[in-house]
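# Just need the structure, nothing else, for what follows:
(one chain, ligands or ions: 1)
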Amino acid sequence: MQSEILPQTDKDRVIIQITDTHLMDKPDAEFVGINPEESFHAVMDDIQQRYKNIDLILHTGDLAQAAFPETYARYLEYMQRFGVDFYQIPGNHDNINLFPFHSPEPIPAVIELDQWRIILLNSAVGGRTDGNIQTEQLVHLKRLLEQLRDKFILIACHHNPFDMHSKWLDQHKLKNADELKAVLEPFDNIKAVLHGHVHQESYNLWNGIQFISTPATCVQFKPLSQEFSFDPIAPGYRCLHLKANGEFETSVHRLDHFKVTINEEISGY
Ligand SMILES: [Fe+2]
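Residues are numbered from 1 along each chain as shown. Predicted coordinates for the structure are as follows:
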């Protein structure tokens, strides 16, 4: 898990994870002292410069901070112009009723990429900051995993199933992580669970599955902080190279020339 650009072979599939764009309804509006539209576009420019053959871009939620129709419309229009297949799952700040899902709720969408399958879950619960994957969705997930035993699996949800050892943040984690783990436990072909929400990079290995989080495209949270705290490091994104043999490599990139000025008066999220 280095931060250099990974060498790509012809058989690799390349996916980019972006997360927590927190877009406002107006493109010039600020969120906690930075313009999330600007930092999101700077991230996308960096992706375009570094990676030429991207199979898809996956957004793991909190697409909107101001969850209005115009926010989602502007995002979709931008991504369509970007010209790479893209998918998104909702976060706690999103409006479930406006969110551009890829399959009718609560059925998880499944993306096919050679021998790989990426399963998109919704862990956002209307009106709540913490997460929950509803039972009906877990039943669908179990059935899917039984059908896909001969494939390599990636799963995406917004909320962190594991503690970040950060008291304020962990009260907002995926509350039924044990139920999710009980569904995943019998399968040995699940390679990773990708999530957002925590605005920082992290890795947890459980039962042969990597649980991976990725920096937000806007403000970052300070790792291991017991109280709410911003981290003045640059926004970023993640690249994953999926191999034909079921292995994968991943790295995080952060913007080189993006100065983050944080509004210190903000004391909560
Ligand atoms: Fe977020």
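
# From residue 67, how far out is the residue nearest to residue 261 when sequence neighbours are not counted?
Excluding the flanking residues, the one nearest residue 261 by Cβ to Cβ, 6 or more residues apart in numbering is residue 33, at 5.7 Å. Backbone N, C-alpha and C define where each C-beta goes, glycine included. Residue 33 is 20 Å from residue 67, where distance means Cβ to Cβ, to the nearest Å.

# still on that earlier bit, let me know the pLDDT of the residue nearest to residue 261.
Per-residue pLDDT puts residue 33 at 86.

# Likewise for residue 204?
For residue 204, pLDDT reads 97.

# how far out from the middle of the chain is the host helix or strand of it?
Applying DSSP states H and E as the criterion places residue 204 in strand 202-206. Taking the mean of its C-alpha atoms, strand 202-206 sits 15 Å from the chain's own mean (Cα atoms, centre = their mean, to the nearest Å).

# same check, this time on stretch 205-220
8 Å.

# The residue lying closest to residue 165 once chain neighbours are set aside: how many residues sit nearby?
Nearest residue to residue 165, sequence neighbours excluded (Cβ to Cβ, 6+ apart): residue 224, at 5.5 Å. The local packing of residue 224 (other Cβ atoms under 10 Å) involves 11 other residues.

# from memory residue 224 sits against residue 166, does it?
Yes - Residue 224 is within contact range of residue 166, at 5.8 Å (criterion: Cβ atoms under 8 Å).

# Can you mark which positions in the helix or strand hosting residue 140 are buried?
In the assignment (DSSP H and E), residue 140 maps to helix 135-147. Across helix 135-147, burial judged by 16 or more other Cβ atoms under 10 Å covers 137, 138, 140, 141, 144, 145.

# Can you name the residue of the stretch 51-200 of the chain that approaches the ion most closely?
Nearest residue of the stretch 51-200 of the chain to the ion: residue 62, at 3.5 Å (Cβ to the ion).

# quick one: pLDDT of the closest residue to that residue other than its chain neighbours?
Counting by Cβ to Cβ, 6+ apart, the nearest residue to residue 62 once its immediate chain neighbours are dropped is residue 91, at 3.4 Å. On pLDDT, residue 91 comes in at 98.

# how many neighbours does residue 91 have?
The number of residues near residue 91, taken as other Cβ under 10 Å, comes to 30.

# Surely it is in contact with residue 158?
Yes - the pair residue 91 / residue 158 is scored as a contact, 4.2 Å apart, by Cβ under 8 Å.

# tell me, what's touching those two both at once?
60, 61, 62, 124, 196, 197 (Cβ atoms under 8 Å, 6 or more residues apart in numbering).

# Kindly reformat the residues you listed as TSV and extend each row with pLDDT.
Formatted as TSV, those follow (pLDDT from 0 to 100):
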residue	pLDDT
60	98
61	98
62	98
124	97
196	98
197	98
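
# and stretch 145-156, how far from the chain's centre?
19 Å.

# residues of it that come out buried?
145, 148, 151, 152, 153, 154, 155, 156.
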